[in-house]
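Engineer: pasting the structure only:
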């Protein structure tokens, strides 16, 4: 597979992982508020930035433009993170009510 396809797929997997971590952190808080979403978004950003540095170290010489490493899959990452975060959070909080 081409390096950009691998990066894209990796970002999809990491979005789901970040959503699960965000949900675990959000369920530790009893109150549902805007800060729950902000905390989850912060975790998603941290996972994305960490993945950027790891991917950059591995694929820097394999891609045409280094800027592609940062932008490949960014929209899909945050879209999938939001969908999975809302879905899993709703399932977890709905089952405890």
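Structural biologist: On my side now, so go ahead. Computed from a predicted model, the values in this text were never measured in an experiment.
Engineer: Run through the residues that contact the residue nearest in space to the middle of the chain.
Structural biologist: Nearest residue to the geometric centre of the chain (CA atoms, centre = their mean): residue 15, 3.0 Å. Residue 15 is in contact with 44, 76-81, 84, counting by CB atoms under 8 Å, 6 or more residues apart in numbering. C-beta: built from backbone N, CA, C; applies to glycine.
Engineer: which parts of whatever helix or strand it lives in are buried?
Structural biologist: Element membership for residue 15, per DSSP states H and E: helix 3-28. Neighbour-count burial for helix 3-28, counted by 16 or more other CB atoms under 10 Å, picks out 3-4, 7, 10-11, 14-16, 18-19, 21-23, 26.
Engineer: just checking, what packs against the helix or strand that that helix is followed by?
Structural biologist: Per DSSP H and E, the first helix or strand lying C-terminal to helix 3-28 is helix 34-59. Applying 3 or more CB pairs under 8 Å, 6 or more residues apart in numbering; DSSP states H and E, one finds that helix 34-59 makes contact with helix 3-28, helix 67-71, helix 74-96.
Engineer: What is the distance between helix 34-59 and the centre of its chain?
Structural biologist: Offset of helix 34-59 from its chain centre (CA atoms, centre = their mean, to the nearest Å): 6 Å.
Engineer: list the buried ones in it?
Structural biologist: 36-37, 39-41, 43-44, 47-48, 51-52, 55, 59.
Engineer: Now do the SS call for residue 65.
Structural biologist: Using DSSP: H, G, I helix; E, B strand; the rest coil, the structure places residue 65 in coil.
Engineer: quick one: low-confidence parts of the chain?
Structural biologist: Where the chain drops to pLDDT under 70, the residues are 30-32, 96-97.
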